[in-house]
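Undergrad: Generate coordinates for the sequence data below:
(chains A and B)
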Protein chains: 2
Amino acid sequence: AGDAASGKKIMSKCQVCHGKDGLAKLPDAPNIAGQKEAYLVKALIAFKDGERKNEQMTVVVKGLSDEDIANVAAYYSSIKISVQVPP
Amino acid sequence: AGDAASGKKIMSKCQVCHGKDGLAKLPDAPNIAGQKEAYLVKALIAFKDGERKNEQMTVVVKGLSDEDIANVAAYYSSIKISVQVPP
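TA: Numbering: from 1, shown residues only, chains lettered A, B, ... in the order given. Below is the predicted model:
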């Protein structure tokens, strides 16, 4: 697993769209707060390999090493979320 | 926008992996609680069109109409989430 503290330093590249709190700041961006770490890693690698295509993500992920990816995934998945299901 | 109440009926097809509460029940599935409605619709359509590939999702989404997709997205995005960012 990645290191959330190290991931926090990388988060500056993500926060414009995803926020420091993992709640999307732009309409097209997803929330990633408390997202499953393995899912975030898989998504980032898919954007890096071109398996998934998104203008912003393709640019941002280019500058991330596999270690950066593991760490930033650890950071966002370390955000605790609680849910309230509608009645 | 979709109708969350109608979406709740479709949610039975999703809850094995994503839960009724939108918190992933299987290791590979993402949390989708409180996810942005437009993002969920976009993801479901991408799985339906084959732009995104996932064994389970490709099977499940085949049986969903565009209206089902809008409604189930409305349901999961209607789940309220609160976040706690680590210090």
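
Undergrad: Of all the residues in stretch A:36-51, which ones are buried?
TA: Residues of stretch A:36-51 classed as buried: A:36, A:37, A:39, A:40, A:41, A:42, A:43, A:44, A:45, A:46, A:47, A:48 (neighbour count, 16 or more other C-beta atoms under 10 Å in any protein chain shown). C-beta here means a position set from N, CA and C on the backbone, and glycine is covered the same way.

Undergrad: who in chain A is up against chain B?
TA: A:4, A:20-24, A:27-31, A:33-36, A:38-39, A:42, A:51-53, A:78-86 (C-beta under 8 Å from any C-beta of the partner chain).

Undergrad: on that earlier part again, list just the nearest of the buried residues of stretch A:36-51 to chain B.
TA: Minimum distance to chain B across the buried residues of stretch A:36-51 is 4.4 Å, recorded for residue A:39 (C-beta to the nearest C-beta).

Undergrad: JSON lines please, covering the buried residues of stretch A:36-51 and showing secondary structure.
TA: What follows is those, written out as JSON lines (DSSP: H, G, I helix; E, B strand; the rest coil):
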{"residue": "A:36", "secondary structure": "coil"}
{"residue": "A:37", "secondary structure": "helix"}
{"residue": "A:39", "secondary structure": "helix"}
{"residue": "A:40", "secondary structure": "helix"}
{"residue": "A:41", "secondary structure": "helix"}
{"residue": "A:42", "secondary structure": "helix"}
{"residue": "A:43", "secondary structure": "helix"}
{"residue": "A:44", "secondary structure": "helix"}
{"residue": "A:45", "secondary structure": "helix"}
{"residue": "A:46", "secondary structure": "helix"}
{"residue": "A:47", "secondary structure": "helix"}
{"residue": "A:48", "secondary structure": "helix"}
